[in-house]
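Enquirer: sequence and predicted model, in that order:
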Amino acid sequence: MQHTGRGLTAILVSLVLCGAIRSEAAEPSAEAIARGQALVTAGGCAGCHTADPARPFAGGKRIDSRFGGVYAPNLTPDRETGLGNWRDEDFMRAMRQGIAPDGSRYSPAFPYPYFTKMIRDDILAIRAYLATLEPVRNKVPPPELRFPFNFRIGMRLWNWLYLKPGFLMPDQARGPAWNRGRYLVEGIGHCGSCHAPKSLLGGDKGAPAFATSVRNASPDDIVAYLRSGRNAIGEAGPLMREIINESTSKMSDSDVRAITIYLKSSGPH
């Protein structure tokens, strides 16, 4: 019996140690946080989720559409008004399915139909980075959508029509840079939200149609445009200028080059 007791003690100690190891491993690494920050930059998240520059990512910015207006949520880790009490699975479900922790459904002003294409590790890296932000208490106003779009149950039909879950599978016939560019453009960058033709309900009804200047521009021209908003061919308009200021001008050289490679291969659709 004494020998058995020692065995049980050893098992209990092992379980405690394993639990400690798992708990420690659950803490996001500095690499994951840095990757999350790069993805948040690529997505231009600050542009929509910052109403007051003194309180970045605290939400409250109004986003208008032909269906009415919505207010961007608070992404800081505030426990009452932000993401502080969210679980990883809550964040995953919001990013991939557009469903809030309370079961309510977001409008597609939140571009989850694009984020659903991202791999799990990248989504959790974004969450890890957002958790490092300064918590800001900021309760944002409810959506102000027009009838019948103010009934969130209608989002079930919208999702059935337009949400295509599943992350992007790399094209093995293409190089890593092309696949990275596609992932950024079609996933976190959600370029189709502006560049894809829309149905009457606001869903994508075709591939993104990028400007014909992409075909005529050299790779260096495209890089210059994404970095500064101008090149030898033209200059960005107000909406694209905001995206450049908040996103592409702050991205790594390798990611901007990857986007350029993908756009040049795609050309105008």
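Expert: Structure's in. What do you need?

Enquirer: give me the below-cutoff pLDDT ranges for this structure.
Expert: 1-26, 211-213, 267-269 (pLDDT under 70).

Enquirer: with residue 92 as the reference, measure out to the residue nearest in space to the middle of the chain.
Expert: Nearest residue to the geometric centre of the chain (Cα atoms, centre = their mean): residue 188, 4.4 Å. From residue 188 across to residue 92, the span is 14 Å (Cβ to Cβ, to the nearest Å). Every C-beta, even on glycine, is put in place using the N, C-alpha and C of the backbone.

Enquirer: check residue 130 too.
Expert: For residue 130 relative to residue 92 (Cβ to Cβ), the value is 13 Å.

Enquirer: same thing with residue 170?
Expert: Distance, residue 170 to residue 92, using Cβ to Cβ: 21 Å.

Enquirer: out of these two, which sits in the more crowded spot?
Expert: The neighbour comparison of residue 170 against residue 92 (other Cβ atoms under 10 Å) goes to residue 92, with 17 against 14.

Enquirer: part of a helix, is the more buried one?
Expert: Yes: Residue 92 forms part of a helix when assessed by DSSP: H, G, I helix; E, B strand; the rest coil.

Enquirer: what residues are up against it?
Expert: Applying Cβ atoms under 8 Å, 6 or more residues apart in numbering to residue 92 gives the contacts 120, 123, 124.

Enquirer: let's go with 7 Å and repeat that
Expert: Taking Cβ atoms under 7 Å, 6 or more residues apart in numbering, we find residue 92 in contact with 120, 123.

Enquirer: for the remainder of this discussion, apply numbering that starts at 36.
Expert: With 36 as the first residue, the last one maps to residue 127.

Enquirer: before we move on, the earlier item: just give the closest residue to the residue nearest to the centre of the chain, not the sequence neighbours.
Expert: Excluding the flanking residues, the one nearest residue 223 by Cβ to Cβ, 6 or more residues apart in numbering is residue 78, at 4.3 Å.

Enquirer: contact partners for the one you found?
Expert: By Cβ under 7 Å, 6+ apart, the residues touching residue 78 are 223, 224, 225.

Enquirer: could you dump those to a markdown table with secondary structure and distance to residue 112?
Expert: Formatted as a markdown table, the contacts of residue 78 follow (DSSP: H, G, I helix; E, B strand; the rest coil; distance: Cβ to Cβ, whole Å):
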| residue | secondary structure | distance to residue 112 |
| --- | --- | --- |
| 223 | helix | 20 |
| 224 | coil | 24 |
| 225 | coil | 23 |
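
Enquirer: how deep is residue 94 tucked in, by neighbour count?
Expert: Residue 94: 24 surrounding residues under other Cβ under 10 Å.

Enquirer: now the helices for the stretch 186-304 of the chain?
Expert: Using DSSP state H, counting those that start in this stretch, the helices assigned to the stretch 186-304 of the chain run over residues 189-197, 211-218, 227-230, 248-251, 254-263, 273-281, 288-301.

Enquirer: picking up where we left off before, dump the contacts of residue 78 to a markdown table, plus distance to residue 170.
Expert: Listed next are these as a markdown table, based on distance: Cβ to Cβ, whole Å:
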| residue | distance to residue 170 |
| --- | --- |
| 223 | 24 |
| 224 | 27 |
| 225 | 26 |
